[in-house]
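for reference, the sequence and a predicted model appear below.
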Amino acid sequence: MKTVRLTMAQALLRFLDEQYVSVDGTETKFVKGVMGIFGHGNVTGLGEALERSAGSLRFIQGKNEQGMVHAAAAFAKQSGRRQIYACTSSIGPGALNMVTAAATATVNRIPVLLLPGDNFACRQPDPVLQQLEVQADYTVSAVDAFRPVSRYFDRIVRPEQLMSAALQAMRVLTDPAETGAVTLALPQDVQAEAYDYPAAFFERRVHVIDRRPPSPEAARRAAALIAGKKKPLIIAGGGVHYADAARQLAEFAEAFGIPVAETQAGKSSLPWDHPLNMGAIGVTGSLAANKLAREADVVIGIGTRYSDFTTASKSAFGNEDAQFVNLNVSAFDSAKLNGLQLTADAREGLAALRSELAAAGYRSGYGEGELAERKAEWDREVDRLYAIEHEEGLAQTRALGVINETLLPSDVVVCAAGSLPGDLHRLWRSAEPRTYHMEYGFSCMGYEISGTFGAALAEPDRGVYAVVGDGSYLMLHSELVTSLQEGTKITVLLFDNHGFQCIHNLQRGHGSDGFGNEFRYRNAGTGHLDGGYMPIDFAAHARSMGAKAYKATTAEELREALLQAREETVTTLIEIKVVPGTNTPGYESWWRVEVPEVSASEKVAASHKEMAAQIRKARAL
């Protein structure tokens with residue numbers, strides 16, 4: 001048997017460099033490169049291998065471990081989960097900084113490969129710098145924190161273990177139903193140990209991602225259920241995008257006259273002006289979609305994980321007899337809401353359902369003009385919100401309207417947390433698939449700029465825009481520097497509303513007077529954070545790192561800044577001053593948050609009673 005003597009780290013890189021995926025006959029190199037921050041625990045092992053034995057793998061220097069994993073996840077998401085970056089860190093705090101982003105990837109079903117350094121397997125330097133000593137179990141290290149947030153976890157304590165671990169890692173990373181964060185813990189001594197690896201381990205390996213068809217019986221059962229209903233509603237989730245099924249979704253909806261509502265992950269599945277696109281669903285949903293959800297007698301969920309924002313904490317579906325048909329590549333998700341399971345690839349499942357329903361001569365029972373009227377009503381509401389003039393300054397909805405009207409149809413917007421996801425979900429008018437990139441499975445503050453950098457790596461020929469609040473920007477903006485270093489232009493649209501206004505609104509909506517969520521100075525008189533707003537110059541901050549920057553306080557200034565930013569060749573930030581609290585309201589939706597049963601405030605007590613009444617109305621299954 002022919003062998004190649006390599007260190008474990010060198011062998012890992014050579015293996016990763018030869019991994020490909022094949023979808024519908026098209027092969028793509030799966031591992032584009034490695035993002036990393038070096039420290040003790042990886043610099044002399046994996047770092048040396050990247051320096052001298054990287055092959056065609058590209059190395060990108062991260063600036064924050066959480067940020068670089070967000071960037072890698074966004075790259076994979078925008079690539080349709082067909083290409084990834086691996087991420088490496090030192091042991092201890094460097095590794096733990098990746099845990100939040102690992103959870104974000106796993107929740108959103110996005111493949112990322114994490115290669116944290118780990119304690120010495122030999123245990124001779126004991127305790128090593130940054131080692132977490134667990135006295136009751138000395139096999140535990142800080143890296144074990146990745147176990148609950150990883151879809152696959154392994155620790156390579158001998159160099160030959162790499163072979164089975166790497167193959168299992170690829171199995172999970174390339175499985176549409178299983179994918180998420182994969183963690184291979186790499187003890188620093190083992191990274192540098194050599195082994196005679198079989199040459200076959202490094203041969204080109206193509207992982208074929210077959211489209212999973214539904215069982216014929218399951219398709220017939222689903223079609224029979226739908227055929228007996230008059231008011232169906234489709235909920236399009238992220239699985240529509242990952243299956244490249246946007247065209248099939250449109251054809252299916254048109255064939256049977258079924259309206260479509262979109263989740264955060266599914267938005268842009270249909271163009272906003274498609275006659276059957278009723279907009280966003282759930283807590284951040286449109287009036288049209290939420291009214292239809294309340295009346296629906298069957299809900300057809302396609303590639304959705306049915307988060308509580310999608311289901312409005314199980315209150316969105318007002319028809320007690322409503323049933324669910326769940327088309328999802330993951331049986332875990334297709335079993336939700338006590339639904340009829342159609343476990344399959346979205347494209348394959350739609351084709352099977354369409355064939356069965358066409359044979360049955362099915363057509364939905366919506367009245368003539370009913371859906372057009374609902375859509376027109378919502379379109380007028382979006383126009384109204386886009387045109388709002390506020391006496392104190394620029395309203396958030398007005399700013400979004402200007403941005404939506406000025407950006408190109410092919411431009412990509414990226415967002416994750418705060419009040420902006422709600423406004424974007426309701427109001428943003430997407431014209432092309434995959435131009436709306438929202439991380440709302442984990443709603444991780446700090447994803448926005450890192451994610452925009454990752455999306456721009458995947459889509460170098462498109463304009464890619466971070467839509468981010470000042471709170472998220474302050475939490476994590478370090479990969480802005482990486483975008484400059486890599487010459488990968490992103491545009492940051494920073495909405496400055498003086499704090500965590502989304503939670504401030506939620507807080508006040510449930511009886512609080514507002515506490516601890518705005519960026520104010522401490523008031524010497526009251527002792528609380530209720531003094532004046534802190535004047536933070538975000539544009540100057542961006543310029544200090546090498547970016548171009550503009551400021552906008554009016555719609556006209558914003559439009560001009562957007563046009564100027566388009567012409568810039570480097571990363572650009574536009575600081576947009578908006579009036580706090582000028583985001584969209586709810587549209588006949590509800591979200592369950594627990595309110596104290598006992599409080600010194602009568603407003604809180606009243607809010608608790610209202611919440612308890614709503615809880616009783618929600619579905620149990």
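Nice, I can see it. Just so you know, these numbers come straight off a predicted model, no measurement behind them.

which element follows the helix or strand harbouring A455 toward the C-terminus?
Element membership for A455, per DSSP states H and E: helix 447-458. Where DSSP H and E defines the elements, the next helix or strand beyond helix 447-458 is strand 464-469.

now what about that following strand, what contacts it?
403, 407, 411-420, 424, 448-449, 451-452, 455-456, 490-497, 500-502 (CB atoms under 8 Å, 6 or more residues apart in numbering). C-betas here are computed from N, CA, C, even on glycine.

for the next helix or strand after that strand, packing partners?
Using DSSP H and E, the next helix or strand after strand 464-469 towards the C-terminus is helix 470-475. Counting contacts by 3 or more CB pairs under 8 Å, 6 or more residues apart in numbering; DSSP states H and E, helix 470-475 packs against helix 447-458, strand 491-496.

just send those back as JSON lines, with mean neighbour count, mean pLDDT and distance to T26 too.
Below are the helices and strands packed on helix 470-475 laid out as JSON lines (neighbours: other CB atoms under 10 Å; pLDDT from 0 to 100; distance: least, CB to CB, whole Å):
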{"stretch": "helix 447-458", "mean neighbour count": "31", "mean pLDDT": "98", "distance to T26": "16"}
{"stretch": "strand 491-496", "mean neighbour count": "26", "mean pLDDT": "97", "distance to T26": "30"}
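
can you list those in a markdown table and add distance to T183?
Converted to a markdown table, these look like this (distance: least, CB to CB, whole Å):
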| stretch | distance to T183 |
| --- | --- |
| helix 447-458 | 19 |
| strand 491-496 | 30 |
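
centre-most residue in this structure?
Centroid-nearest residue in the chain: E439, 2.3 Å away (criterion: CA atoms, centre = their mean).

so what's P596 closest to, chain neighbours aside?
V604 (5.7 Å; CB to CB, 6 or more residues apart in numbering).

quick check, the one you found in a helix?
Yes - counting by DSSP: H, G, I helix; E, B strand; the rest coil, V604 falls inside a helix.

contact partners for H274?
So H274 contacts A250, V260 (CB under 8 Å, 6+ apart).

just to revisit the earlier point, surely the residue nearest to P596 and E594 touch.
No - between V604 and E594 there is no contact, the gap being 11.5 Å when judged by CB atoms under 8 Å.

which one's more surrounded, the two?
V604 (16 against 9; other CB atoms under 10 Å).

how close does that one get to Y20?
According to CB to CB, to the nearest Å, V604 and Y20 sit 57 Å apart.

now do M35
The value you get for M35 to Y20, if CB to CB is used, is 20 Å.

and the two? which has more neighbours close in?
M35 (27 against 17).

let's verify the more buried one: helix, strand, or coil?
strand.

got the confidence number for it?
Each residue has a pLDDT score; the one for M35 is 98.

do H207 as well
With respect to pLDDT, H207 has a value of 98.

residues touching the residue lying closest to G39 once chain neighbours are set aside, list them.
Residue nearest to G39 in three dimensions, not counting chain neighbours: S90, with 2.7 Å by CB to CB, 6+ apart. Counting by CB under 8 Å, 6+ apart, S90 makes contact with I37, F38, G39, H40, G41, N42, V43, P116, G117, Q130.

R220 now?
E356.

how about the secondary structure of it?
helix.

how about K32?
Classified using three-state DSSP, K32 is strand.

from memory it sits against I84, does it?
Yes - applying CB under 8 Å, one finds K32 in contact with I84, separated by 6.8 Å.

please say which of the two ends up with more neighbours.
I84 (27 against 22).

got the domain ranges for this protein?
3-208, 216-374, 388-498+534-577 (automatic domain parsing).

so which of those domains is nearest R520?
The closest of these to R520 is domain 388-498+534-577. By CB to CB, the value is 6.7 Å.

how long is the closest one end to end?
End-to-end span of domain 388-498+534-577 (CA to CA, to the nearest Å): 15 Å.

now stretch 136-147
18 Å.

so which bits of that stretch are buried?
Neighbour-count burial for stretch 136-147, with 16 or more other CB atoms under 10 Å as criterion, is recorded at S141, A142, V143, D144, A145, F146.

sorry, back to before: tell me, what's touching K32 and I84 both at once?
Joint contacts of K32 and I84 (CB under 8 Å, 6+ apart) are F75.

quick revisit: for the residue nearest to the centre of the chain, give me phi and psi.
phi -100, psi 100 (degrees, to the nearest 10).

L225 now?
phi -60, psi -50.

and for V481?
Torsion angles, degrees, to the nearest 10, at V481: phi -60, psi -40.

need the contact list for it.
K63, M545, G546.

leaving out sequence neighbours, find the closest residue to the first one.
Nearest residue to K63 in three dimensions, chain neighbours excluded: S478, at 3.7 Å (CB to CB, 6+ apart).

against Q66, how distant is the one you found?
9 Å.

of these two, which one has the most company?
Q66 (26 against 18).

run a quick check on the more buried one versus G446, I expect a contact.
Yes - between Q66 and G446 there is a contact under CB under 8 Å: 6.8 Å.

quick check: neighbours shared by the two?
L476.

please enumerate the helices of the stretch 451-600 of the chain.
Using DSSP state H, counting those that start in this stretch, the helices found in the stretch 451-600 of the chain span residues 470-475, 479-486, 501-508, 538-544, 555-567.

pick out the shakiest of those helices, pLDDT-wise.
helix 501-508 (a mean of 81).

what about that helix, distance to the chain center?
Offset of helix 501-508 from its chain centre (CA atoms, centre = their mean, to the nearest Å): 22 Å.

what does stretch 231-240 give?
With CA atoms, centre = their mean, you get 18 Å for stretch 231-240.
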